[in-house]
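>>> what's the 3D shape of this:
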Amino acid sequence: MLTVLASCAKQSSPTGGPKDETPPKLLLAEPKDQSTAILPEQLTLVFDEYVSLDNPNKGIVITPKVDKDKLEFTSLKNTVTVSFNQKLEDSTTYVIDFQKSVVDISEKNPAEKLKLVFSTGATIDSLSLSGKINFSYPNDKEDYKNVLVGIYPSTDSTTVFTAPPYYLAQVDTSGNFELNNIKAGKYLAYAWRDSNGNLKAEFKSEEYDFLGDTLQLNKSLADLTFNLATADLTPIKMLRSANFGKNYDVILNRNPVVIKAEAEGLGKELFYVASDKRIRFYPKSSQSDSIPLRIHLEDSLGFTTDTLLWAKFPPSERRPEKLELSINSGKSFYQNLSMELTFNKPLERISTDSLYVAYDSAGRIPVRKEMLRWQDSLTRNKLFIQLSLPDSLDTEVVTLKAADSTFFDLEGQFNEKPLAANYRKLPRKNLADELKGKIVGASPPFIIHLINGKKEIAYESYLGEGNEFLFSLLEPGSYTMRVIEDKNKNKRWDSSNFIQKRPGERVFYYIGEENNKELIVRGGWTLEDIVVRASPTTGVYFSPETSVDK
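Model (predicted):
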C-alpha cells in the first residue's frame, strides 16, 4: 500500500453564502476506470470544484503495493494527479482507493466511493476475499478503527511484522472486510490493528491474527475469520543475576506464567517471590558457599528457557525493605468468605493471637491455623484465609483485623500498621438461585467467567467435561459471560504463536437478543437455557468453491 507524499499549491476557500454539503464529483479520469492493456506513468482526476488532499499519507491505498518512495500525488485547483515514477508490473490489476482523502476546499467534504481500477494486462483481476473480524478481549464497544486485513504472496519473504502487504483492505465499522481485484495465486493472510499507521503489525503493542495455512486463491473466498489479540513474540530470557543484600535476584525481559525452581533447601530454608520481571530468592540465613539453582521459565506464548545458576547468599549490612501487603477487601460473599493477602516478601510466621474477624462491636471469630492456606509453599507470599459464616449471623459487614506485628517476613520485618479489611455479607433472600445453560460449537474443557460491572471476574468455573454449566447463589447485578476453550488443559488462556503457526485459544461471549451481551441477574430468580455460542475459529469456512494448500 502506498500513500501521498506531497500536495502542491495552497488554496483558499471562498467565504460567505450557505454551507456547502455537496461532496466533489469526479468529471474525468485519465486513464478511465476499468481500463486494460495500459502502462500509465500517471493518473489524472478532474472534479467539478476545487479540491485538496486531506491526510493522504494514511488515507490513500494502492494495491498491489508499489514503491511508495517514488510516488507523487499533487492537487491543483480541481485536478488531482498521481505520478508513479516507476515501472508497474505486467499483467497486473491496480486499485487506487482514495477513501476520504480528496476533499473540497470550502467545507472539506470528501469525495464518495472514489476508486480507480486499471490493468497492465488484457483483463481485470476479479477474485475477492472477504470475512469478519472478532476480538478475543474486546472493549465495551468493539472498535474496528484502524483494523486492516492484508495478504502477501506465499513466495514473499516479508511478513506483516516486516513490510506492508501486497493487497490491503480497511475493516468497516461492523468488523467486515473485503479485498477485491486480486490476482490468482497462493497467499498468506493477516489482520491487525494498525494504531501507528505504518501498515505493519507491532507484536508488542498491537492486536493481530494470522491464517496459519496458505490460501490457494483460484476462486473468490468468503467467510474468512480473524480473532485479534495481543501476543508478544519476544521469547522469555534471563537478562542478568546479582545479589541484592543477602538475597539473590534474577532479572528477566518479561514476566513468566510458569516458574519452576530447584535448589537445596527450597521451601524450607530458601523461598522466592516473582514480580516486575524479577525473581528474588530469600534465604532464612546467609550462606558462605554458592549453591546450584535451576530455573525453568515459560511465557504466555509457550516459549521456555532453562538456566543453571550458582547463587550466593552472603552476609549483608543492607537494610531490608519494609514488609508491605495488599488485600482483596470490599468483596461480597454469602457464607464462604475467602480473604486474600499478598505480601511483597515471603513470610516466616504469623501470630494468629492478633488475627480475627469482627462482625459487630463485640463479636469476633478468631482465625485459627487450619483456616490458613498458602498459594505456594515455595513463595509464602500469598495467603488465603477461609472462613464459613452461618446464615444466623445477622450482619452486613465483617472485618478482618490484624494488630501490628502480626505478620513477620524472612528478613525480620513485620507489618508496622494494624490491618482492617471489610467484606460485605449478602443475605440469602437477595441472591439469585441459579444461572445455568450450555455451550454450543466448542469442546471442553472450558474456563467460564462472569464479569461484573466493574470489569472484575466475580465468579469463575472450570468445566472439565460436558458443555452444561451452573452457577448458584449469585449477587444481583449485570454480568458478561466469557468462555475460554482450554485446548491444552492448563487452566489459562493461551495466545497465538506466530513462530509456531499455532492459533490462540478461542474466547467467546454470551450474546443475547439484539446483540446484547448483558446477563441481568435478580434476587430470587433462576436463569435457565442460557446458550453461549462459540465464535468461529481463525480460518476459512470451506465450500466446494474454495480450496486451501497447506
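>>> might you list the low-confidence residue ranges for this protein?
Applying pLDDT under 70 to the chain flags residues 1-18, 541-550.
>>> mark out where each domain of it begins and ends.
Domain ranges of the chain: 26-119, 238-313, 325-426, 430-540, per automatic domain parsing.
>>> what's stretch 306-320 in contact with?
Around stretch 306-320, the neighbours that count as contacts under C-beta atoms under 8 Å, 6 or more residues apart in numbering are 238, 241, 243-248, 250, 263, 281, 283, 286-288, 290-297, 409, 411-413. Bear in mind the C-beta positions are built from the backbone N, C-alpha and C, glycine included.
>>> now, of those residues, which are buried?
The neighbour count (16 or more other C-beta atoms under 10 Å) marks 238, 241, 245-248, 250, 263, 281, 283, 287, 291, 293, 295, 297, 409, 411, 413 as buried among the contacts of stretch 306-320.
>>> give me the spatial nearest neighbour of Lys322, chain neighbours excluded.
For Lys322, ignoring the flanking residues on the chain, the nearest one in space by C-beta to C-beta, 6 or more residues apart in numbering is Gln413 at 5.9 Å.
>>> mind naming the longest strand for this structure?
Secondary structure of the chain read by DSSP state E shows that its longest strand is strand 287-298.
>>> partner strands of that one and their direction?
If you go by DSSP bridges, strand 287-298 pairs up with strand 258-262 (antiparallel), strand 304-313 (antiparallel).
>>> could those go into TSV alongside mean neighbour count and distance to Ile499?
Output for these, formatted as TSV (neighbours: other C-beta atoms under 10 Å; distance: least, C-beta to C-beta, whole Å):
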stretch	mean neighbour count	distance to Ile499
strand 258-262	15	18
strand 304-313	15	13
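>>> returning to that earlier point: tabulate the domains of the chain (CSV), appending distance to Gly150.
Shown next, in CSV, are the domains of the chain (distance: least, C-beta to C-beta, whole Å):
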stretch, distance to Gly150
domain 26-119, 9
domain 238-313, 22
domain 325-426, 43
domain 430-540, 14
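>>> helix, strand or coil for the closest residue to Ser220 other than its chain neighbours?
Distances taken as C-beta to C-beta, 6+ apart place Ser128 nearest to Ser220, at 4.5 Å, with adjacent residues excluded. Secondary structure state of Ser128, per DSSP: H, G, I helix; E, B strand; the rest coil, is strand.
>>> what's the neighbour count on Ser128?
Using other C-beta atoms under 10 Å, Ser128 has 16 neighbouring residues.
>>> please list all residues in contact with it.
Ser128 neighbours (C-beta under 8 Å, 6+ apart): Glu178, Leu179, Asn180, Asn181, Ile182, Ser220, Leu221.
>>> rerun at 10 Å
Residues near Ser128 by C-beta atoms under 10 Å, 6 or more residues apart in numbering: Ala169, Glu178, Leu179, Asn180, Asn181, Ile182, Leu217, Lys219, Ser220, Leu221, Ala222.
>>> I'd say Asp194 and Ala169 touch.
No - using C-beta atoms under 10 Å, Asp194 is not in contact with Ala169; the gap is 11.8 Å.
>>> shared neighbours of those two, anything?
Common neighbours of Asp194 and Ala169 (criterion: C-beta under 10 Å, 6+ apart): Val147, Leu148, Gly150.
>>> which one of the residues you listed is nearest to Gln375?
The shortest gap between Gln375 and any of those belongs to Val147, at 38.5 Å (C-beta to C-beta).
>>> for Ile133, see how far away that closest one is.
Using C-beta to C-beta, to the nearest Å, one gets 6 Å for the distance from Val147 to Ile133.
>>> what sits in contact with each of these two?
Counting by C-beta under 10 Å, 6+ apart, the contacts common to Val147 and Ile133 are Val171, Asp172, Gly175, Phe177, Ala191, Trp192, Arg193, Glu207, Phe226, Leu228.
>>> any of those buried? List them.
Buried among the shared contacts of Val147 and Ile133 by 16+ other C-beta under 10 Å: Val171, Gly175, Phe177, Ala191, Trp192, Arg193, Glu207, Phe226, Leu228.
>>> and those residues, which two are the farthest apart?
By the measure C-beta to C-beta, Phe177 and Glu207 form the most distant pair in those, at 14.8 Å.
>>> pull up the distance across stretch 96-108, start to finish.
20 Å (C-alpha to C-alpha, to the nearest Å).
>>> then stretch 483-501?
End-to-end distance for stretch 483-501, by C-alpha to C-alpha: 23 Å.
>>> same question for stretch 263-273.
Length of stretch 263-273, first residue to last, C-alpha to C-alpha: 15 Å.
>>> Lys268: neighbour count?
Neighbour count of Lys268, defined by other C-beta under 10 Å: 10.
>>> shift numbering so it begins at 34
Happy to do that; since the first residue is 34 now, the last one works out to Lys301.
>>> that one against Ser410, yeah?
Yes - at 9.3 Å, Lys301 counts as touching Ser410 under the criterion of C-beta under 10 Å.
>>> just the buried ones from the contacts of Ser161?
The neighbour-count test (16+ other C-beta under 10 Å) marks Ala202, Glu211, Leu212, Asn213, Asn214, Ile215, Leu250, Ser253, Leu254 as buried among those.
>>> I'd guess the fifth one is in a strand, am I close?
Same thing as Asn214. Yes - according to three-state DSSP, Asn214 belongs to a strand.
>>> state the distance from it to Gln249.
18 Å.
>>> again with the fourth one
From Asn213 over to Gln249 the distance is 18 Å, taken as C-beta to C-beta.
>>> out of the shared contacts of Asp227 and Ala202, flag the one nearest to Ser528.
Closest approach to Ser528 among the shared contacts of Asp227 and Ala202 (C-beta to C-beta): Val180, at 17.6 Å.
>>> ignoring the adjacent residues along the chain, who's closest to the closest one?
Nearest residue to Val180, sequence neighbours excluded (C-beta to C-beta, 6+ apart): Val204, at 4.1 Å.
>>> what do you get for Lys133?
Lys133 sits nearest to Pro143 (C-beta to C-beta, 6+ apart), 3.8 Å away.
>>> quick one: that neighbour and Val136 touch, right?
Yes - with contacts counted by C-beta under 10 Å, Pro143 reaches Val136, the gap being 5.0 Å.
>>> what is in contact with the two at once?
Jointly contacting Pro143 and Val136 under the rule C-beta under 10 Å, 6+ apart are Pro56, Pro57, Val84, Asp87, Gly92.
>>> might one say that the first one is in contact with Phe131?
To tie it back to what came earlier, the one meant is Pro56. No - between Pro56 and Phe131 there is no contact under C-beta under 10 Å: 11.7 Å.
>>> who's more crowded, those two?
Phe131 (24 against 21).
>>> measure the more buried one to Glu145 for me?
Phe131 is 10 Å from Glu145, by C-beta to C-beta.
>>> shared neighbours of those two, which are they?
In terms of C-beta under 10 Å, 6+ apart, Phe131 and Glu145 are both contacted by the residues Leu59.
>>> so Ala391 bridges to which residues?
Beta-bridge partners recorded for Ala391 (DSSP bridges): Arg397, Thr432.
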